[in-house]
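Asker: Take this sequence and fold it.
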Amino acid sequence: MARDTTDDRPIENKDDLIAYLASGCKPKQDWRIGTEHEKFPFHVDGNGPVSYEGQRSIRALLEGMQKTLGWNPIMDDGRIIGLVEPTGQGAISLEPGGQFELSGAPLETLHQTCREGNAHLAQLREIAEPLGIRFLGLGASPKWRLSETPKMPKSRYDIMTAYMPKVGSHGLDMMYRTCTIQVNLDFSSETDMRRKMQAGMRLQPLATALFANSPFSDGALNGFQSWRAEIWRDTDNQRAGLLPFVFSENFDFADYVDWALDVPMYFVLRKGRYFDCTHVTFRQFMEGALRDSVPQGMPTMGDWANHLSTLFPDVRLKRFIEMRGADGGPWRRICALPAFWVGLLYDNAALDAIEDLTRAWSLEEVDGLRDAVPVEGLSATFRNHELRETAREVLAIARIGLANRARMNNEGYDETGFLTPLDEVVARGTTSAEEMVTAYNTRWGGSIEPVFFEHAY
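Answerer: I've put the predicted structure just below:
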């Protein structure tokens, strides 16, 4: 989750909120790729979860990474809860259950993205291995029950933990037991934003299927290829899922602002203290609802930025666009996820082609696919054929887009090779989740423990 910000500029009216989103518009030469990936730390001795405190702990990991990187600590009530690169180009943060997240720097090429991810994992291993800690690349915690999962000392998570059970059946599972890979992408104009948001919304269930990687929970099979995606089907439906208005041909920044204004808030941050604001919407906040209960009780631009970071649609709009549908996975997937979306959305010919392919996909069709994919993966039926056939078409377009970008590494290779893990999924006809289920039923002998060896970083 995003690092909370402070920006004391007052909000005058809704136009300020629209202008905030519009300020993300950039010329194409300034577009960047920001990749985020989460992983589960575990103790090699016993494959148990890692708590915040202690000699072999999350805190020890963060303090070790701080010494190695020289990054600035992020503190919450005197405890280190993350690190930020001194110029703001990248951060390490904690999810509620101790999931370790790298929010990568905005980079120009996928080659740089892969080098960044590889360097991060190497640095992390250097600190973690002497502590007897490794990291698991899955979309959901395969073994530990919610009651066994550690809780990180972040004030905003206390507010969310109390609120989630009121608004959905899986909110705590989402917080404490899931991991994702995300990519953040730029847009040049409101029209460009609309095109990318619409393509992203329509294609998100396909991305979920391609990256399905969470078939275990509580130490056994759970019946899903992506349990993480199933969790998101009932987490907090006021702020998550598909957004019907995005499918409108006239969708614009103002539409997203109007939706965000009427989603309940989580908190307001004042001088390092978090105030529970789950009882009001941002629109009510602007109308003075917190004037008497929160210091400086009228909203600021920092409050708006923080509120936008607590909305969880499948594709999220801030001053950039976040693709949020994929399970966490191994190192090659960390490169493949941004390759998929960059190939589709950062080249004009590819974006035209993907729009032609998906334009007629209705909200109802995409919603139905979103419901089917957690169980069926690429075997789900979509428009009278298996989803894997659509995946083959979409990957071909992504490959064209990456080839057209012609961003070469020092060896003269372009970025298309980063799609190879996804090509393999389509070619063999089975997702990573299905491969793990087969292993569990055969060579693993019905035990969950081998996953901590075969799927660790």
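Asker: what's the longest helix seen in the chain packed up against?
Answerer: Taking DSSP state H as the criterion, the chain has its longest helix at helix 190-210. Secondary structure elements in contact with helix 190-210, counted by 3 or more Cβ pairs under 8 Å, 6 or more residues apart in numbering; DSSP states H and E, are strand 315-317, strand 321-327, helix 331-345, helix 348-358, helix 363-376, helix 387-405, helix 420-428. Glycine gets a C-beta too; all of them are placed from N, C-alpha and C.
Asker: Would you indicate which residues of the fourth one are buried?
Answerer: Spelled out, it's helix 348-358. With burial defined by 16 or more other Cβ atoms under 10 Å, the residues of helix 348-358 counted as buried are 350-351, 353-354, 357-358.
Asker: now the fifth one
Answerer: Neighbour-count burial for helix 363-376, with 16+ other Cβ under 10 Å as criterion, is recorded at 363, 366, 369-370, 372-376.
Asker: Including mean pLDDT, could the helices and strands packed on helix 190-210 go into CSV?
Answerer: Output for the helices and strands packed on helix 190-210, formatted as CSV (pLDDT from 0 to 100):
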stretch, mean pLDDT
strand 315-317, 98
strand 321-327, 98
helix 331-345, 97
helix 348-358, 98
helix 363-376, 98
helix 387-405, 98
helix 420-428, 97
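Asker: And the ones you listed: which comes nearest Gln225?
Answerer: helix 363-376 (6.6 Å; Cβ to Cβ).
Asker: Contacts only, for the nearest residue to Ala199 once chain neighbours are set aside.
Answerer: With sequence-adjacent residues excluded and distances taken as Cβ to Cβ, 6 or more residues apart in numbering, Ala199 is closest to Ile354, at 5.2 Å. Contacts for Ile354 (Cβ atoms under 8 Å, 6 or more residues apart in numbering) come out as 199, 203, 344-345, 394, 397.
Asker: could you dump those to TSV with distance to Gly288?
Answerer: Shown next, in TSV, are the contacts of Ile354 (distance: Cβ to Cβ, whole Å):
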residue	distance to Gly288
Ala199	39
Leu203	41
Leu344	44
Leu345	40
Val394	47
Ile397	49
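Asker: from those residues, which two are the most distant?
Answerer: The widest separation within the contacts of Ile354 (Cβ to Cβ) is 11.7 Å, between Leu345 and Val394.
Asker: quick one, phi psi at the residue in the chain sticking out farthest from the centre?
Answerer: The C-alpha centroid of the chain is most remote from Asp292, which lies 35.3 Å away (Cα atoms, centre = their mean). Phi and psi for Asp292, reported as degrees, to the nearest 10, are phi -100, psi 0.
Asker: That one and Met298, how far apart?
Answerer: According to Cβ to Cβ, to the nearest Å, Asp292 and Met298 sit 11 Å apart.
Asker: Tell me where the model's unsure across this structure.
Answerer: Where the chain drops to pLDDT under 70, the residues are 1-3.
Asker: so where do the strands sit in the stretch 101-250 of the chain?
Answerer: For the stretch 101-250 of the chain, the strands defined by DSSP state E, counting those that start in this stretch cover 133-136, 180-185, 216-217, 220-221, 240-241.
Asker: Make CSV from these and add distance to Leu261 to it.
Answerer: Shown next, in CSV, are the strands of the stretch 101-250 of the chain (distance: least, Cβ to Cβ, whole Å):
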stretch, distance to Leu261
strand 133-136, 38
strand 180-185, 23
strand 216-217, 36
strand 220-221, 42
strand 240-241, 17
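Asker: To Pro10, which of those strands lies closest?
Answerer: strand 180-185 (27.3 Å).
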